[in-house]
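*Asks:* pasting a predicted model and its sequence here:
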Amino acid sequence: MLKRRLGFWDSVAINIGIVIGVGIFRTPGEVAKYLDASHIILLAWVAGGVITLLGGLCYAELSSSFPQTGGTYVYLRESYGRLAGFLYGWVEILILRAGSLAGVAYVFADYLVSLFPPLAGASKWIAVAGVVFFTGLNVIGLHYGTRTQAVLSMMKVVILLAMSVLIFRFGSGGSLWTQTGTAGTSSWGTWAGFAPALIPVLWSYGGFHESTFMSGEFKDTRRELPLSLIVSTLAVMALYLLVNVAYLKMVTPSEMAGTTAIASDIFKSLFGPRGQWLIACAILISASGALNSTILTGARIPFALGTDHARVGWLGTIHAGFETPARAFLFNGVWASVLVLWGNFESLLFFTGFVKWLEFILVGASVFILRKRIAAEDRFLMVGYPLVPLAFTAASVWLCLAVAIHTPMHAFTGLAVIVAGVPVYYFLCHKQQS
């Protein structure tokens, strides 16, 4: 059994490290493609934070009710049965987690190359090296991964605050309180694009629940872990809102919609090439934190699967010397490296929005199912029950449908991958029973 060594600030660092990845440096332009007014763009980021906070409250209760390693895998297994838990683990391990890890590794490599041009041409191997380094760091001891995460997460917060201060100090020319952007900024209209705009917003908030994957390793899962989910979500929401206010001080919504590297563009206009170099360093640090935290939490999903299914029981073992789920770490690291070298991992990410919101629908509903089984004194008492899980579930349904309508093929692909896991589950069960 993994030892309980983690505390409040470990959880905050893990969540901030995953949530504040590279999204805030890129997704504001995607949001502005759907919304053509500054105040509505800011409202979208607030709405995303509120939805995330509702989800954080749901996960706070679930993590205190089931203080076991595996997070969402455990909650879905306990609510809907072993098949549902397995299908979540199936998609998360093979597609969502590995694809996300490969994507972050590529960003890490690209910005390292931008700082050191002689490395151009070796980006794939640099990405693999990043995965290998942070995997090894977490294999040799939990304290190495968590201490590294604490430092990188603190640096991320300082970077976003410094960025905002510099833009407020030296920037001008935007349209922060302009009601509409240049005509044609968004073909969706002022409000019609709000739902699709929330998709990139909430992608930037993704990972708010990741520390719950390590619930079995927290010293206090009834109080400290739930509170850390709430604190980290509020901190990220405040930072994201501050950064977007700073962006809109410099650019109009139409200008924001025309760039995929808004932070880099703004700093180049303010400080020239040196500004671009500073942003490249900032994104490299942020990508490093996201890489480490994604590896740190991701190994707990195959570990939980391994403890439940004898056929893949080797994933659920703990290294005698390091006291970590070393084989689960290595499995994730090797698979992510394969996707990096393959180079087509982007196609694996297209359906993640649909699958994620389908997952959150089930998580929100599971609060109602599991509350009947767990005594009040054995769990974190959610404020606002039943409105909070009901609102989170309704928002998840709305966003899941928005993704399906906006990109139907991606939704279909996501469903196909889920269904493909059903025969694998029964194969493993058959082998386990025979």
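*Replies:* Okay, I see it.
*Asks:* drop to CA atoms for contacts and neighbour counts, all remaining ones
*Replies:* Fine.
*Asks:* any idea which element the residue lying closest to Gly55 once chain neighbours are set aside lies in?
*Replies:* Using CA to CA, 6 or more residues apart in numbering and skipping residues adjacent in sequence, the residue nearest Gly55 is Phe392, 6.0 Å away. Following DSSP states H and E, one finds Phe392 within helix 387-406.
*Asks:* with only the CA atoms kept, save that helix in CSV.
*Replies:* Backbone C-alpha positions of helix 387-406 (Å, rounded to 0.1, in the frame of the first residue of the first chain) are rendered in CSV as follows:
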residue,chain,number,x,y,z
LEU,A,387,-27.8,22.4,-5.9
VAL,A,388,-24.0,22.1,-6.4
PRO,A,389,-23.8,18.6,-7.9
LEU,A,390,-27.0,19.3,-9.8
ALA,A,391,-25.6,22.5,-11.3
PHE,A,392,-22.3,20.8,-12.2
THR,A,393,-24.0,17.8,-13.8
ALA,A,394,-26.3,20.2,-15.8
ALA,A,395,-23.3,22.3,-16.9
SER,A,396,-21.5,19.1,-18.0
VAL,A,397,-24.5,17.9,-20.0
TRP,A,398,-24.7,21.3,-21.7
LEU,A,399,-21.0,21.3,-22.6
CYS,A,400,-21.0,17.7,-23.7
LEU,A,401,-23.8,18.4,-26.1
ALA,A,402,-22.0,21.6,-27.3
VAL,A,403,-18.9,19.6,-28.2
ALA,A,404,-21.0,16.9,-29.9
ILE,A,405,-22.9,19.5,-32.0
HIS,A,406,-19.8,21.5,-32.8
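*Asks:* quick check: what element follows that helix along the chain?
*Replies:* helix 408-433.
*Asks:* quick one: list the elements packing against that next one.
*Replies:* Contacts defined by 3 or more CA pairs under 8 Å, 6 or more residues apart in numbering; DSSP states H and E place helix 408-433 against helix 82-91, helix 352-371, helix 387-406.
*Asks:* 7 Å instead, please
*Replies:* Counting contacts by 3 or more CA pairs under 7 Å, 6 or more residues apart in numbering; DSSP states H and E, helix 408-433 is packed against helix 82-91, helix 352-371.
*Asks:* that one to helix 82-91, inter-axis angle?
*Replies:* Angle, helix 408-433 to helix 82-91, by axes from the mean of the first three to the mean of the last three CA atoms, to 10 degrees: 120 degrees.
*Asks:* any idea how far helix 408-433 is from the middle of the chain?
*Replies:* Put simply, helix 408-433 sits 23 Å off its chain's centre (CA atoms, centre = their mean, to the nearest Å).
*Asks:* ok, now stretch 306-319?
*Replies:* Distance, stretch centre to chain centre, for stretch 306-319: 25 Å (CA atoms, centre = their mean).
*Asks:* same check, this time on stretch 282-295
*Replies:* The chain centroid and the centroid of stretch 282-295 are separated by 12 Å under CA atoms, centre = their mean.
*Asks:* and it, C-alpha only, in CSV?
*Replies:* In CSV, the C-alpha atoms belonging to stretch 282-295 read as follows (Å, rounded to 0.1, in the frame of the first residue of the first chain):
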residue,chain,number,x,y,z
ALA,A,282,8.0,31.4,-18.8
ILE,A,283,6.2,28.8,-21.0
LEU,A,284,9.1,26.4,-20.7
ILE,A,285,8.8,26.6,-16.9
SER,A,286,5.0,26.2,-17.1
ALA,A,287,5.3,23.2,-19.5
SER,A,288,7.8,21.6,-17.1
GLY,A,289,5.4,21.9,-14.2
ALA,A,290,2.5,20.5,-16.3
LEU,A,291,4.8,17.6,-17.5
ASN,A,292,5.8,16.7,-13.9
SER,A,293,2.4,16.9,-12.4
THR,A,294,0.7,15.0,-15.2
ILE,A,295,3.2,12.2,-14.8
